[in-house]
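1. Got a predicted model here, sequence first, then my questions.
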Amino acid sequence: MKYSKYLILVIVFWGSSLILFAQSRVVAGIVRDTHSEEPIPFASVQFKNSTIGMLTDSAGRFLFNSQEWPSDTLLFTCVGYQPFLYAIDNSRSSITVIINMERGTFNDGAQVKVKVNKGLLVWRKIVEHKPDNDRYRFDNFSYELYNKLELDLKNINFEKFGKFKPLRPISELISQHIDTAEGMRYLPSYFTEALSDYYYQKSPKKRREIIKAANTNGVNNESMVKFLGGMDQVVNVYNNFIPIFDKQFVSPISDNGDYYYNYQVVDTQLVAGSRYFHLVFTPRRKGGDTFEGDCWVQLGTFAIQKMNLRLGKEANVNFVENLSLIQEYKMINDSTWFLAKDKFVADFSPLGKDKAGFIGRKTTTYKNIIVNDTSVINELSKNKIQEEVITLTDATDKDKDFWLSVRHEPLTKTESGVINMIDTLTNALVFQKFTKTMKFIGTGYKDIGNYQIGPWMNWMSSNGWEGFRLRFDLGTNKFFDKKVKLHGYLAYGFGDRKLKGMAEVFYLPNKDPRMYLYGSFTNDLDFGQNYYGEISQDNIFALALRKNGIPIKNIKINEKRFEFFKETFPWMSNKVTITHKAFLPLRNLVPIDSFRTVGGGDPLKSFEVSLKFRFAYLERFLETNFYRTSIGSIYPIGEINISQGFSGVFKSSYNYTKLNISVSDYMKIPPFGNIYWLVYGGKTFGTLPYTLLDIAPGNELYYYNKYAFNMMNRWEFIHDRYAGINFEHNIGNGIFRLFPKLKFRQFWTAKTLWGGLSDKNKLLNFKSGHSFQSLDGKTYLELGTGIDNIFRVFRLDFVWRVLPATLNKTGDKTFGIFGSFRVGF
């Protein structure tokens, strides 16, 4: 058995007692939670079938000494845990042990009916005193924050894994680092730590974090370093809701907590002259976004001294087998409580219980706490925006001696071993080859020296015009150049016997503030990427998803594009785009010879300059060497796009002006789930062919598209003025809370569009034998509902085309069923 730092504390604490009782038998140790590894205070320790026993102290420690033991078995019990029996080895006179208690249930002790519910009274007092105990009552505060994160793979059968000959070398290498604890095999795989100074001001609200040091153990990504601090990890049990992954759980000390929880006081203890209530809480209903657990509450102030939260077995959270959230508070003066420690432990089992998975552990400690001080205000005055995260230039260059001197608590033996193991694995050629192979399978891309091939998903596909299609991509990676990325592909259709392709160059001279230049040339079919599709038709997975009975429309595009992007402010970016496009309709669209040439130009050819403004306050990103992905903002995001077409430039034929505006947001509205909404509109000034008008985004696949009208076909509706609203409300359990074991989730959607087309544009585009339509001011409306979280990853949408009331085309349907995959907690 491995001894942790807690065991060392036990030995030191009881050292003098062991000397005094050298002639006696001694058994001492510490009791802790198996999952979180946190000490369990005031647990009952008793010799079985006797009256001799004691409670562990506030740190979970216990000690017995006697000439003879009343029994050869110790019984450990505590509310919320399964009883534990420990057999004493009578041949030993001194025993020191760590007792790991498995979780049980709080229900037996939390639903006793009494005339006066003391637990409910204590809860009411906690809520009453929340304004006096919440740390956000202060005008400002700051602290030094130390954060560490560990990731361990669990239940990995590398012996079976190694039976596959190509994987045998990696199996043998990894097996050398597998550990065993409590019968579960796990592989410590990842460890990071960060040290930062955090500053907060209530009014006007400002936050600032300076990351002074970060030990990422080989993960060199500056955007990831920013997430290792405390800016995105603010959990406050005094709030009404507590964020767990992408969900909002009701806090047990919520203002409306009695609607969601049962409460009971199971114990009262005197510690350091102060009396504390032991309050236990359990969910009143199964399957809700609630916790079970307990807390210790100081009598008088009714402040939380320690809160233990965990998910019940009926909680509707995907892939999580166990979860613990612990917060400890300490007094920084005679009357002020402040957060001292956070611990978050999550046991992920995506394949099912006792299957392969991983365990994540995050521990955060707080020191050098300052409240209501001018030094905090002075530091926050440096902010240019409401929230700033600053990473010092030498943050990732700290040596081992530095970390030994600044850690708030020493690393455990396991944590130290992880660092050494990561260094060993990352330098092993067989492991490097394995990780590259897994990356290729998962992302589709493979690095070969300074170059990159993929995605493999686009290598083979088929469509009605080209027949069987082969495509090969080749690009450069960061090893070729850290600021320049080249990429291109060639494709060949065996049906039309035509070669197509694309070439692009991306130049990123500056990451912060971000600025880039981009140029491309494309000569290929239009596969619908411009319609925000989640799956394009140039994809091997689209072969079996296309709707039946819908005429296949093909159009070829020849495009030259240049973009210049610059972040003007942290909340605003501008992009100038110059494009030269030539379209060639191939099948089931108005042919090119239906449009006359204008001013010596070619039909369906345009030259356009556009300016796009994007407003996204406090938007956060995950970045790679060249690209970045938005993870959203707490505020709505708006975009304005202005485009001007010029005739006579490179044989272009059209003068026009376009204006497009959109605003979107993702909102959490606990306990009623979350909402996504998008409002947009636009107008085109000019008489133009359909290729330059607004084409309402339709979907011709049975795979649900979040951004398109799923009961509408592509190229069905065209407009020169339009407005629309997309709305999706994910309710959570909804009606499925009646069947909590299914863990299904409910949602509903609404998508509406208003549009019109001028008489001149109708005359130009509405030709005999072709089926373009315009709404002409009427409303297009789709309503949907469905079942999410089927087998944890599958979503089923039932969509009705409600308006227009009458269908204009034979074959149009008013109802459809769509599937999609959604991975989330």
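-> Sure thing, it's come through.
2. Next, the contact list for the nearest residue to residue 580 once chain neighbours are set aside, please.
-> Spatial nearest neighbour of residue 580, excluding adjacent residues (C-beta to C-beta, 6 or more residues apart in numbering): residue 560 at 4.6 Å. C-betas here are computed from N, CA, C, even on glycine. Applying C-beta atoms under 8 Å, 6 or more residues apart in numbering to residue 560 gives the contacts 520, 521, 579, 580.
3. how deep is the first one tucked in, by neighbour count?
-> It refers to residue 520. By other C-beta atoms under 10 Å, the residues close to residue 520 number 17.
4. List the contacts of residue 744.
-> Contacts for residue 744 (C-beta under 8 Å, 6+ apart) come out as 733, 736, 787, 788, 789, 790.
5. what sits opposite the residue nearest to residue 580 in the beta ladder?
-> On the basis of DSSP bridges, residue 560 is bridged to residue 521, residue 580.
6. Same question for residue 193.
-> Counting by DSSP bridges, residue 193 is bridged to residue 148, residue 215.
7. Sketch out the low-pLDDT regions of the stretch 401-550 of the chain for me.
-> In the predicted model of the stretch 401-550 of the chain, residues 528-544 satisfy pLDDT under 70.
8. Let's see that with 50 instead.
-> Where the stretch 401-550 of the chain drops to pLDDT under 50, the residues are 529-535.
9. Name the residues of the helix or strand where residue 420 lies that are buried.
-> With secondary structure defined by DSSP states H and E, residue 420 is part of helix 413-426. Along helix 413-426, these residues count as buried under the neighbour rule (16 or more other C-beta atoms under 10 Å): 414, 415, 418, 419, 421, 422, 425.
10. Let me see the ranges of the helices in the stretch 251-400 of the chain.
-> 257-260, 374-380, 400-406 (DSSP state H, counting those that start in this stretch).
11. my bad, should have said the chain
-> 5-13, 15-20, 107-110, 118-128, 130-133, 158-161, 168-175, 222-226, 257-260, 374-380, 400-406, 413-426, 429-443, 759-765 (DSSP state H).
12. that older thread, pick the one among the buried residues of helix 413-426 closest to residue 513.
-> Within the buried residues of helix 413-426, proximity to residue 513 (C-beta to C-beta) peaks at residue 422, which comes in at 33.4 Å.
13. Now for the residue nearest to that closest one when sequence neighbours are not counted, how many residues are close by?
-> In space, and not counting its chain neighbours, residue 422 is closest to residue 217: 4.9 Å by C-beta to C-beta, 6+ apart. For residue 217, the neighbour count with other C-beta under 10 Å is 14.
14. Please apply the same query to residue 149.
-> The number of residues packed near residue 149 is 19, by other C-beta under 10 Å.
15. hmm, back to that, so the residue nearest to residue 422 sits right up against residue 416, yeah?
-> No: using C-beta atoms under 8 Å, residue 217 is not in contact with residue 416, being 11.8 Å away.
16. circling back: what sits against the residue nearest to residue 422?
-> Counted by C-beta under 8 Å, 6+ apart, residue 217 has contacts 190, 191, 192, 418, 419, 422, 423.
17. Residue 657 versus that one, what's the distance?
-> 54 Å (C-beta to C-beta, to the nearest Å).
18. Output the below-cut-off pLDDT ranges for the protein.
-> 1-22, 108-112, 182-183, 529-535.
19. Would you map the strands across the stretch 351-500 of the chain?
-> 357-371, 387-391, 446-448, 451-453, 460-463, 467-476, 484-493, 498-511 (DSSP state E, counting those that start in this stretch).
20. Taking helix 413-426 as reference, get the angle to the first one.
-> Here strand 357-371 runs at an angle of 120 degrees relative to helix 413-426 (axes from the mean of the first three to the mean of the last three C-alpha atoms, to 10 degrees).
21. For strand 357-371, which strands pair with it and how are they oriented?
-> Assessed with DSSP bridges, strand 357-371 is paired to strand 140-154 (antiparallel), strand 337-348 (antiparallel).
22. Quick check: buried residues in the shortest one?
-> Of all the residues in strand 337-348, those buried under the rule 16+ other C-beta under 10 Å are 337, 338, 339, 340, 341, 342, 343, 344, 345, 346, 347, 348.
23. Please apply the same query to stretch 293-311.
-> 293-298, 301-311.
24. Please apply the same query to stretch 268-279.
-> 276, 277, 278, 279.
25. need these in a markdown table with distance to residue 513, can you?
-> Formatted as a markdown table, the buried residues of stretch 268-279 follow (distance: C-beta to C-beta, whole Å):
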| residue | distance to residue 513 |
| --- | --- |
| 276 | 51 |
| 277 | 53 |
| 278 | 53 |
| 279 | 50 |
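26. Greatest separation within the residues you listed: which pair is it?
-> 276 and 279 (9.5 Å).
27. what is in contact with the two at once?
-> In terms of C-beta under 8 Å, 6+ apart, residue 276 and residue 279 are both contacted by the residues 296, 297.
28. Only C-alpha atoms, please: export stretch 303-317 in CSV.
-> What follows is stretch 303-317 as a C-alpha-only set of coordinates in CSV (Å, rounded to 0.1, in the frame of the first residue of the first chain):
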residue,chain,number,x,y,z
ALA,A,303,-20.7,30.1,7.2
ILE,A,304,-19.7,27.0,5.2
GLN,A,305,-16.5,25.5,6.6
LYS,A,306,-16.4,22.6,4.2
MET,A,307,-18.7,21.5,1.4
ASN,A,308,-18.7,18.0,-0.2
LEU,A,309,-20.7,17.6,-3.4
ARG,A,310,-21.1,14.5,-5.5
LEU,A,311,-23.3,13.3,-8.3
GLY,A,312,-26.0,10.7,-7.5
LYS,A,313,-26.4,7.6,-9.6
GLU,A,314,-29.5,9.1,-11.2
ALA,A,315,-27.9,12.3,-12.3
ASN,A,316,-28.3,13.0,-16.0
VAL,A,317,-24.6,13.5,-16.9
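29. For stretch 428-435, list every residue counted as buried.
-> In stretch 428-435, counting by 16+ other C-beta under 10 Å, buried: 431, 434.
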